[in-house]
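the following block contains a protein sequence and its predicted model.
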Amino acid sequence: MIYTTLVAIRHVRATIASWRSRRTDWYLIVQEYPADALIQWLVDMLRMPTAQTLRDVADAASFGIGAAVSGGTLRTDPHYRDLLRKEFNVITTENALKMGPLRPEPGVYDFSDADAIVNFGTAYDMDIRGHTLVWHNQQPDWFRGWERTPDQVESFLREHVYTVAGRYRGRIDEWDVVNEAVLDDGSLRETVWYDAIGEEYLDAAFSWADEVSDADLYYNDYGAEEVNDKSDGIYRLIGRLLDRDVPVDGIGFQMHALHSTPDLASVAENVRRFQKLGLEVAFTEVDVAYQAAQKPDDHRAAQAEFYADLTALCVREGIDTMVTWGVRDTDSWVPGWFPDLTDDPLLFDGGSDPKPAYYAVYEALSGER
Ligand code: G3I
């Protein structure tokens, strides 16, 4: 009887608290402990607060833990939806709001994926990050082939920003207004936007977004997490934008820790100088992978350590948002792009099970680490 009860209780607890249940080997306890110890264990188990998800501990810490979301997977995979709403309180549109997927033909907008993501985020009371209004990549083929004057480019971009940011006014909370405008040497990237309008395309994009949206407006980039030539260039660029009263609210450091781990002391120093400009800072596209041929002996433990240190850095430096670039390892862009890297850069494995990295973030947020 007591054994059956234990099994039943264990089953319920395991269902609501799978991460905690893995740490307690009830079977051994049942075999080896005397009856009074078993009863005490039962009482303790019942007293134990209901186990929380990562989202719960993030909510309690007023922290945004997020994932980039695929509209297609969201629509077709119930496990994905379940994991998202339980474990994350922030979502970013991975591809759905990029100009290419969004505008398949001239004059046509396909908002179906973006609407699915935004509606999901709204339904589950999540913070919603829009990615991205102005980028040099993932542009429609028809747009790339279009012969146009600088004035036409400017009108086109204005209409794009008004239409897309305007549609989600009041629903998207943060926008990556401009993505990846700076090269590794700190100079401005020559894009269709830069060639037509010059540096002021950033002024225009942020100002147009500000006119039609009440979201916080971010500049977002990769490889600028540490103090280096690129982050120096971005720092100077944003300084100029702010001097011209351009409405920039935040900077997103993508944090694709793929080829080498950024030095977190340098990251902290870099974060502080952007905060001193009055900007919000967020880690917007986090994933952690290693060269497969030279990976650490236990690369999942090393990965967990990095996630823990990054989360602790957030807490220490007043960064309140960290978004992973995907939900499960099998949703990640990394294996498709970098076959020479380890293929498991995220918090959940392909079977939706939490990895050591998940527990590391959890414990760093709940103060258990
Ligand atoms: O949807 C099409 C599908 O119809 C087609 O059959 C298939 C064939 O290749 O391609 C599919 O589109 C792919 C798309 O991801 C959706 O899976 C594109 O080829 C592929 O290029 C695209 O990659 C995206 C990449 O940006 C493009 O640069 C990744 O998913 C996306 O995670 C990645 O995200 C970027 C951020 O926006 C900016 N920072 C870097 C980050 C990683 O590259």
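Happy to help now that I have it.

please count neighbours and contacts with C-alpha atoms only from this point.
Will do.

ranges for the strands of the protein?
Taking DSSP state E as the test, the strands found in the chain are 64-69, 90-93, 127-134, 174-179, 216-221, 250-253, 256-257, 280-288, 321-324.

right, so these: which one is the most enclosed?
strand 90-93 (a mean of 28; mean count of other Cα atoms under 10 Å).

mind giving me the packing neighbours of that one?
For strand 90-93, the packing partners by 3 or more Cα pairs under 8 Å, 6 or more residues apart in numbering; DSSP states H and E come out as strand 64-69, helix 112-123, strand 127-134, strand 321-324.

how about 7 Å then?
Using 3 or more Cα pairs under 7 Å, 6 or more residues apart in numbering; DSSP states H and E as the contact criterion, the secondary-structure elements in contact with strand 90-93 are strand 64-69, helix 112-123, strand 127-134.

what's the neighbour count on Pro335?
The number of residues packed around Pro335, counting by other Cα atoms under 10 Å, is 17.

does it touch Asp343 like I think?
Yes - using Cα atoms under 7 Å as the test, Pro335 is close enough to Asp343 to be in contact (5.2 Å).

enumerate every residue touching the residue most central in space within the chain.
Among the residues of the chain, the smallest C-alpha distance to the mean C-alpha position (Cα atoms, centre = their mean) belongs to Val323, namely 1.9 Å. Contact partners of Val323, counting by Cα atoms under 7 Å, 6 or more residues apart in numbering, are Ile65, Gly66, Ala67, Ala68, Phe283, Thr284, Glu285, Val286.

ok, the fourth one - contacts?
Okay, so that is Ala68. Taking Cα under 7 Å, 6+ apart as the criterion, Ala68 is in contact with Ile91, Thr92, Thr93, Glu94, Val323, Thr324, Trp325, Gly326, Val327.

now it: how far from Val212?
In this structure, Ala68 and Val212 are separated by 24 Å, where distance is defined by Cα to Cα, to the nearest Å.

same check, this time on the first one
Computed with Cα to Cα, the distance linking Ile65 and Val212 is 27 Å.

what number of residues lie near Val212?
18.

so it makes contact with Val161?
No - contact between Val212 and Val161 fails when scored by Cα under 7 Å: they sit 8.4 Å apart.

can you add mean pLDDT and give the strands of the chain back as CSV?
Supplementary listing: these in CSV, determined by pLDDT from 0 to 100:
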stretch, mean pLDDT
strand 64-69, 98
strand 90-93, 98
strand 127-134, 98
strand 174-179, 99
strand 216-221, 99
strand 250-253, 98
strand 256-257, 98
strand 280-288, 98
strand 321-324, 98
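
what's the closest of those strands to Ser112?
Using Cα to Cα as the criterion, the shortest distance between Ser112 and these is 12.0 Å, found for strand 90-93.

and the nearest residue to Asp173 once chain neighbours are set aside, what does it touch?
Counting by Cα to Cα, 6 or more residues apart in numbering, Asp173 lies nearest to Ala215, which is 4.6 Å off, once chain neighbours are set aside. Applying Cα under 7 Å, 6+ apart, we find Ala215 in contact with Ile172, Asp173, Glu174, Trp175.

Val134 is in contact with the last one, correct?
Which is Trp175. No - judged on Cα under 7 Å, Trp175 makes no contact with Val134 at a distance of 10.3 Å.
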